[in-house]
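Trainee: From the sequence below, what's the structure:
(chains A and B)
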Protein chains: 2
Amino acid sequence: MTVREQAVTLRQVASLAGVSRQTVSNVLNAPERVDPDTLSKVRAAIETLGYQPSRTARSLATRKAGLVGYCLARQPGHSLFMDPFLHAMTEAIEASGRHLLVFTAAPGVDGLRTYADLVAQRAVDAFILSDTVDDDPRHPWLTDRRVPFASFGRTWPEQGDEPGPWVDVDGAGACAELVSKLAAAGHERIAFVGWPDPVGAGRDRERGWRGECQRLGLSNEDCVALPAPAGSMAGAALAAGELLDGRRPPTAILAASDLLAVGVLSEVHRRGVDTWVTGFDDSVLASTVEGGLTTVRQPTDQIATTLVGLIDEARADRGVLLAGEIVVRGSARLGG
Amino acid sequence: MTVREQAVTLRQVASLAGVSRQTVSNVLNAPERVDPDTLSKVRAAIETLGYQPSRTARSLATRKAGLVGYCLARQPGHSLFMDPFLHAMTEAIEASGRHLLVFTAAPGVDGLRTYADLVAQRAVDAFILSDTVDDDPRHPWLTDRRVPFASFGRTWPEQGDEPGPWVDVDGAGACAELVSKLAAAGHERIAFVGWPDPVGAGRDRERGWRGECQRLGLSNEDCVALPAPAGSMAGAALAAGELLDGRRPPTAILAASDLLAVGVLSEVHRRGVDTWVTGFDDSVLASTVEGGLTTVRQPTDQIATTLVGLIDEARADRGVLLAGEIVVRGSARLGG
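Mentor: The predicted structure is shown next:
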């Protein structure tokens, strides 16, 4: 006997409760239409038999798949943060009584075909988007078709508002706060190591660093930004070497991610200098690297639960900017 | 107008083709029952209208959810490998015409309730299991209920065969091969840094290292295994320090994972010694760490496609052991 053969049927519930199958279906999907006596009688039968409606039956009754789609992006370095995010997202969706369907899609416009297929098959009720790019084509496409979605990350449109609801972490704010704390600790030459050709989030972090340096009256010559070649750890080490070889080497370096920060830190350690280094993400690297990495923690669980709330709301114009939290470890001994 | 309102219905296809709705349904779900003329007529109508059956309708007809369940494990360090695996798994499931439903569950017996709910709701047709532990309770539970599954990783039962189909990477074989190549390069003192209280895969790798050292006649005093406290990068650096402080320090250290290897390597670099270091996984760390890390690549795509093949086969007794591939980088300049 397989599980499927053993499963209690709706017919058995109806028979035990002495009602029609349609009444049982109403109890499950539109209890407000059922009178209280019948409701409690059917619920008692469901309880007694241990009946669980199949997801297919429920989908048919509610016209909902009970699934939310999420596209995995292939970005090995990035995944240091995106993997914990996926866990948090899965848990938040489960807490709302649904499950996450993960899929892959080509980047950009080409990937829209995959979204279109999932919409046409009614395989999902909504999408969670992440790994957003500037003027991301997915957001207006879903908005036009009134498919519910919520975006982790902004799309930085050249004009107008973000297309649809979003949650993001205030990278500019967190980097400005790092600069402010470094300056309070006596640093005046504060450099930045970022990605080559950064997308929105990378630019945002650099903008926060630059703005605060300027606000504090630090000189542009003392506060230099360099891209890490190939966006790699080794590239970040090279960039750090170039900065430290300068005439006025920085005493502190902000890196746009933990991965880049570990590269910067390896060069700092190699030279035996006391340059302070900060990262971004509070990934697994940050707590395991020698001495620990001072970094910015993204509020993963809060991002996930906020996203779930946004897909269930009718308003399409909400944006939620969450603060990152500075986590102090050995690589930059910042005060409170 | 929403997408759902615009969607082409089965009724419209039937009307255009001049057949009943049941015939259209047969074309979709049991084409062998339909005569060729009708088949091509209905398929032409489907093509013309751009009809896509909803997943719910198809589930009802085929009694299949079209979804395979996969439980995400919360293991931050481990995720350096498991994240690429999830990507490969998602693609392999998609290539088979299904999607992956991800979920979370408590570890051990407590998590079985989550599997039971998904089975009872018929939310998934099969499971992919990973992060297996010794005598994992999920495997016999699913086997007893004839729910199809395939396991990435063995469960190392105390007696008898693995319960159900599995794919694994031959960690013992790969570590033996590393020892053999290190010995060929002149090393005689080859240490091992692993996890404290290792589960199956960790033990397997250590066994492969130990076995080959013994086979080559290297002395147990020269080939020592130490656990990395807390299984962390910092712990691995401590273990490496202890090994290098010994009376006969190793000239090569195998680490049970890339994360541990990076910790070992940081201590080796700090001391400026020429100890060779190898990792396991070929994760993002291995290619970005200074000089590059020699490591063992798991054939992620092959693991994923083999797992998909196994859930679709009737035989429940198949096990597939795949070889890891040694990837040589700067940390251990092994010959071919």
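Trainee: Which strand or helix spans residue A:47?
Mentor: helix A:36-49 (DSSP states H and E).
Trainee: who's in contact with residue A:304?
Mentor: Neighbouring residues of residue A:304 by C-beta atoms under 8 Å, 6 or more residues apart in numbering or on different chains: A:85, A:88, A:89, A:91, A:92. From N, CA and C alone the C-beta is placed, and that goes for glycine too.
Trainee: Now with 6 Å, please.
Mentor: Residue A:304 is in contact with A:88, A:89, A:92, counting by C-beta atoms under 6 Å, 6 or more residues apart in numbering or on different chains.
Trainee: my guess is residue A:190 contacts residue A:252, does it?
Mentor: Yes. If you go by C-beta atoms under 6 Å, residue A:190 and residue A:252 touch, sitting 4.7 Å apart.
Trainee: so what sits against both of those two?
Mentor: Contact criterion C-beta under 6 Å, 6+ apart; residues shared by residue A:190 and residue A:252: residue A:182.
Trainee: What residues does the stretch 201-336 of chain A have near chain B?
Mentor: A:232, A:233, A:234, A:266, A:284, A:288, A:290 (C-beta under 6 Å from any C-beta of the partner chain).
Trainee: ok so, going back, can you list the contacts of residue A:304 in TSV and add neighbour count?
Mentor: Supplementary listing: these in TSV, determined by neighbours: other C-beta atoms under 10 Å in any protein chain shown:
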residue	neighbour count
A:88	20
A:89	27
A:92	23
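Trainee: Switch these over to JSON lines; also include distance to chain B.
Mentor: What follows is those, written out as JSON lines (distance: C-beta to the nearest C-beta, whole Å):
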{"residue": "A:88", "distance to chain B": "10"}
{"residue": "A:89", "distance to chain B": "9"}
{"residue": "A:92", "distance to chain B": "10"}
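Trainee: rewinding a little: out of the residues of the stretch 201-336 of chain A next to chain B, which are inside strands?
Mentor: Assignment to strands by DSSP state E places none of these there.
Trainee: Mind checking which of those residues are in helices?
Mentor: Applying DSSP state H to those, the entries found in helices are A:233, A:234, A:266, A:284, A:288.
Trainee: dump the residue contacts of the third one.
Mentor: Listed by C-beta under 6 Å, 6+ apart, the contact partners of residue A:266 are A:237, B:290.
Trainee: distance of it from residue A:15?
Mentor: Distance of residue A:266 to residue A:15, computed by C-beta to C-beta, to the nearest Å: 71 Å.
Trainee: SS state for residue A:219?
Mentor: What DSSP: H, G, I helix; E, B strand; the rest coil gives for residue A:219 is coil.
Trainee: count of neighbours near it?
Mentor: 11 (other C-beta atoms under 10 Å in any protein chain shown).
Trainee: Residue A:236 too?
Mentor: Neighbours around residue A:236, by other C-beta under 10 Å: 33.
Trainee: What sits closest to it if chain neighbours are left out?
Mentor: residue A:263 (2.9 Å; C-beta to C-beta, 6 or more residues apart in numbering or on different chains).
Trainee: who in the stretch 51-200 of chain A is up against chain B?
Mentor: A:52, A:54-56, A:59-60, A:72, A:76-77, A:79, A:83, A:87, A:90-91, A:99-104, A:119-123, A:145-146.
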